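Enquirer: Provided below for reference: sequence and predicted model.
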Amino acid sequence: FDLKNEDLKDLHELGQGNGGSVKKVEHVPTKTMMAKKIVLIDAKPSVRKQILRELQIMHDCHSKYIISFYGAFLADPNICICMEYMDKGSLDNIYKKIGPIDIDIVGQVAFAVLEGLTYLYDVHRIIHRDIKPSNMLCNSRGEIKICDFGVSGELINSIADTFVGTSTYMSPERIQGAQYTVKSDVWSLGISLIELALGRFPFSESTSDESDSDFEGTLSPARPGSISLSGLPPARMKRNTPKKDKRKSKGVSLQGGGMTMSILELLQHIVNEPAPRLTPEDRYPKEAELFIDSCLLKDPDSRKTPKDLLNDAWMDQARQSTVNLEDWASTF
Ligand code: ATP
Ligand code: MG
């Protein structure tokens, strides 16, 4: 594909995230449906060109567990990234529509994500950095693929507000400022899998800022005394934010508003409290519980890598499973 913006016909919006919006478009010359991600980037032309160069690595990513990349181009002041269109959308929207996802399907999701992560790391030394249900996509052929991985260091630095959007799946070591590793993605996978199986975000007490979702129940009683900005050293907070801190200019301040406070409370909870588990016990296969427990070991040294987890007993079960994802995808 030699992609030009004028060859793309906008159909409708697929969704919006912190970094921009995604539209379903048709590449008219080839009649190909695509998802076009429009990212507003407030950066110098040299930085934009650098981002574009870095994104080209995606042309070399070929796996059935990774979204295909068609190309990227500048459309001032935006960067447009064109990728494979997945007609059943992302798993967050799917569970919000159909409710908690059957644990056998969740096992297939876990398998697909681990295969995708292992491919990215083994072949390209890419760490995903943003594993969550909205970055797991499904199509009517029953394929599950991951998208939005961190190929471009410059892009990661340039997107404002990533902090708010990604903090909730962040591992304890990341919150404390440690280096990102493939094991941080494993933590995010564990949180995502619980979310899919329960049909709600596992740390529900701190999600009042997620206005579009209607979470119920609480993980533990709120403890007002435990909420304080000093719970996380400012120096460490900075490590999680983009290098060029644009949050202030966008009106999000660390000290203002209940929204940021609840995020801090959540970060503190992730660091200090025991990890969430797949509960109630006895509702789910023991193998699923144990798999998720091992994704959510708080010490990254004890946590396995995606590749090691592919040998987990639950993943053996997933490989032998007879569940049909195509049939499942035809139910919504
Ligand atoms: P964040 O910005 O925090 O990462 P997000 O992943 O929801 O959140 P986007 O990546 O901008 O934000 O995506 C917005 C929505 O567009 C997604 O939730 C998903 O439902 C939809 N979407 C993204 N890519 C595709 C695709 N290739 N095919 C179909 N739908 C897509
Ligand atoms: Mg996304």
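Expert: Everything's here; your move. Numbering: from 1, shown residues only. Ligands and ions are numbered 1, 2, ... in the order given.

Enquirer: could you measure L120 against A288, distance?
Expert: Computed as CB to CB, to the nearest Å, the L120 to A288 distance reads 24 Å. The way it works is simple: take the backbone N, C-alpha and C, and place the C-beta from them, glycine included.

Enquirer: er, K49 actually
Expert: Taking CB to CB, one finds K49 at 46 Å from A288.

Enquirer: Compare the two (neighbour count), which wins?
Expert: A288 (22 against 13; other CB atoms under 10 Å).

Enquirer: tell me which element the more buried one is part of?
Expert: Secondary structure assignment for A288, by DSSP states H and E: helix 286-295.

Enquirer: Check which residues of that helix are buried.
Expert: 287-289, 291-292, 294-295 (16 or more other CB atoms under 10 Å).

Enquirer: pLDDT and distance to ligand 1 added to the residues you listed, as a markdown table?
Expert: Output for the buried residues of helix 286-295, formatted as a markdown table (pLDDT from 0 to 100; distance: CB to the nearest ligand atom, whole Å):
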| residue | pLDDT | distance to ligand 1 |
| --- | --- | --- |
| E287 | 98 | 29 |
| A288 | 98 | 25 |
| E289 | 98 | 27 |
| F291 | 98 | 24 |
| I292 | 98 | 22 |
| S294 | 98 | 26 |
| C295 | 98 | 20 |
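
Enquirer: Would you mind listing the residues in contact with M136?
Expert: 90-91, 109, 112-113, 144-146, 192 (CB atoms under 8 Å, 6 or more residues apart in numbering).

Enquirer: Hmm, K286 and Q317 touching each other?
Expert: No - using CB atoms under 8 Å, Q317 is not in contact with K286; the gap is 10.6 Å.

Enquirer: Name the helix or strand of this protein that has the lowest mean pLDDT.
Expert: helix 234-239 (a mean of 32; mean pLDDT, DSSP states H and E).

Enquirer: Now do the strands in the stretch 1-150 of the chain.
Expert: 8-16, 20-27, 32-40, 69-75, 78-84, 136-138, 144-146 (DSSP state E, counting those that start in this stretch).

Enquirer: Would you mind listing what in the stretch 101-250 of the chain touches ligand 1?
Expert: 130, 134-135, 137, 147-148, 165 (CB under 6 Å from any ligand atom).

Enquirer: Okay, helices next: where are they in this structure?
Expert: 45-55, 91-98, 103-124, 153-158, 162-166, 172-175, 182-198, 234-239, 257-272, 286-295, 306-309, 313-320, 325-329 (DSSP state H).

Enquirer: Pick the most deeply packed of these.
Expert: The highest mean neighbour count among those, using mean count of other CB atoms under 10 Å, belongs to helix 182-198: a mean of 24.

Enquirer: For that helix, name the packing helices and strands.
Expert: Judged by 3 or more CB pairs under 8 Å, 6 or more residues apart in numbering; DSSP states H and E, the packing partners of helix 182-198 are helix 91-98, helix 103-124, helix 172-175, helix 286-295, helix 306-309.

Enquirer: quick one: is the first one near ligand 1?
Expert: What that stands for is helix 91-98. Yes - Helix 91-98 lies within reach of ligand 1 by CB under 6 Å from any ligand atom, at N93.

Enquirer: now what about that helix, what contacts it?
Expert: In contact with helix 91-98 (CB under 8 Å, 6+ apart) are residues 15, 88, 101, 109, 132-134, 136-138, 144, 192, 195-196, 199, 213, 331-332.

Enquirer: List only buried entries from the residues you listed.
Expert: 88, 101, 109, 132-134, 136-138, 144, 192, 195-196.

Enquirer: Just send those residues back as a markdown table, with pLDDT too.
Expert: Compiled in a markdown table, the buried ones among the contacts of helix 91-98 are given as follows (pLDDT from 0 to 100):
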| residue | pLDDT |
| --- | --- |
| K88 | 98 |
| I101 | 98 |
| V109 | 98 |
| K132 | 96 |
| P133 | 97 |
| S134 | 96 |
| M136 | 98 |
| L137 | 98 |
| C138 | 98 |
| I144 | 98 |
| S192 | 98 |
| E195 | 97 |
| L196 | 98 |
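
Enquirer: out of those, which one sits closest to F73?
Expert: Minimum distance to F73 across the buried ones among the contacts of helix 91-98 is 21.9 Å, recorded for L137 (CB to CB).

Enquirer: Which residue would be the closest one in this structure to ligand 1?
Expert: The minimum distance from the chain to ligand 1, using CB to the nearest ligand atom, falls at G17 (2.0 Å).

Enquirer: Now do that residue, the pLDDT please.
Expert: pLDDT, G17: 88.

Enquirer: close enough to count as contact, it and K132?
Expert: No - using CB under 8 Å, G17 makes no contact with K132, being 10.2 Å away.

Enquirer: Show me the common contact partners of these two, please.
Expert: Counting by CB under 8 Å, 6+ apart, nothing touches both G17 and K132.

Enquirer: that older thread, which one of the helices and strands packed on helix 182-198 has the poorest average confidence?
Expert: helix 172-175 (a mean of 94).

Enquirer: Send me it as PDB with only the CA atoms.
Expert: The C-alpha coordinates for helix 172-175 follow below in PDB (Å, rounded to 0.1, in the frame of the first residue of the first chain):
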ATOM      1  CA  PRO A 172       3.800  -2.300  41.000                       C
ATOM      2  CA  GLU A 173       7.400  -2.100  39.900                       C
ATOM      3  CA  ARG A 174       6.500   0.400  37.100                       C
ATOM      4  CA  ILE A 175       4.600   2.500  39.600                       C
END
